[in-house]
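Trainee: This is a predicted model, with the sequence first.
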Amino acid sequence: MINKTIFLTALIFILTASAFSQMTLTGDVVDVLDGKTILLSAPTGKVRAELQYIEVPEPGQPLRDVVVDHLKQLTLGKRAVYRAQRIFKDRTVGRLLINNVDISQQMLRDGAAWLVPQNVSGQEQTEMQRYAASESDAKTEKRGVWDVAGLRSPWEYRAEKQRLEDEKNATKVKDD
């Protein structure tokens with residue numbers, strides 16, 4: 001009986017999550033929370049929506065505030081269509097369109113973001129090629145993040161921060 005209940009609960013959750021991930025919402029962008037996350041006010045309520053397939057400068061990295069301001073200019077106060085692709089406890093991740101412009105792709109084109117590698121993102125090949133072309137154009141033109149010498153991608157920056165923290169903790173344990 002318990003196994004059947006667990007199975008049914010899991011099945012309902014999977015079907016609900018699958019249906020939600022296919023849901024398209026239309027609403028107004030009412031806030032920009034960081035360089036890749038907005039708050040969308042839709043008829044069903046407010047949705048914390050993260051732009052798919054991109055990373056932006058981390059807090060403490062150069063251009064962080066510029067990128068946040070850029071996303072505000074692109075989205076704040078505008079009508080948007082949002083399709084969630086993934087659901088997490090604290091946010092959804094998906095495609096945000098404003099006037100039929102894919103905002104993730106626009107951020108890449110403007111040099112305001114890095115494209116997450118396909119082996120990490122699972123992005124479909126054809127779409128990946130379009131996104132990569134936008135990033136490549138920004139890189140060639142030295143726009144935004146591509147104009148700052150030595151600026152590391154957010155995943156490299158986080159890995160370095162973690163390495164330094166691990167070294168600090170190892171030294172602290174050694175000294176104790």
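Mentor: Sure thing, it's come through. In this text, all values refer to a predicted model and were calculated from it rather than measured experimentally.
Trainee: Low-confidence ranges, the protein, go.
Mentor: When residues are selected by pLDDT under 70, those of the chain lie in 1-22, 175-176.
Trainee: residue boundaries of the helices in it?
Mentor: For the chain, helices defined by DSSP state H occupy the ranges 2-21, 64-75, 103-109, 118-121, 125-140, 154-175.
Trainee: Now the second one: buried residues?
Mentor: Of the residues in helix 64-75, those scored as buried under the neighbour-count criterion (16 or more other C-beta atoms under 10 Å) are Arg64, Val67, Val68, His70, Leu71, Leu74, Thr75. Placement of C-beta: from N, CA and C, glycine included.
Trainee: and the fourth one, what is it in contact with?
Mentor: It refers to His70. Contacts for His70 were tallied using C-beta atoms under 8 Å, 6 or more residues apart in numbering; they are Gly35, Met107, Asp110, Ala112, Gly144.
Trainee: Also the third one?
Mentor: When contacts are counted by C-beta under 8 Å, 6+ apart, Val68 touches Val32, Asp34, Gly35.
Trainee: ditto for the first one
Mentor: Contacts were defined as C-beta under 8 Å, 6+ apart; by that measure Arg64 touches Gly35, Val56, Pro57, Glu58.
Trainee: Next: the last one.
Mentor: Counting by C-beta under 8 Å, 6+ apart, Thr75 touches Val29, Val32, Ile38, Leu96, Ile98, Ile103.
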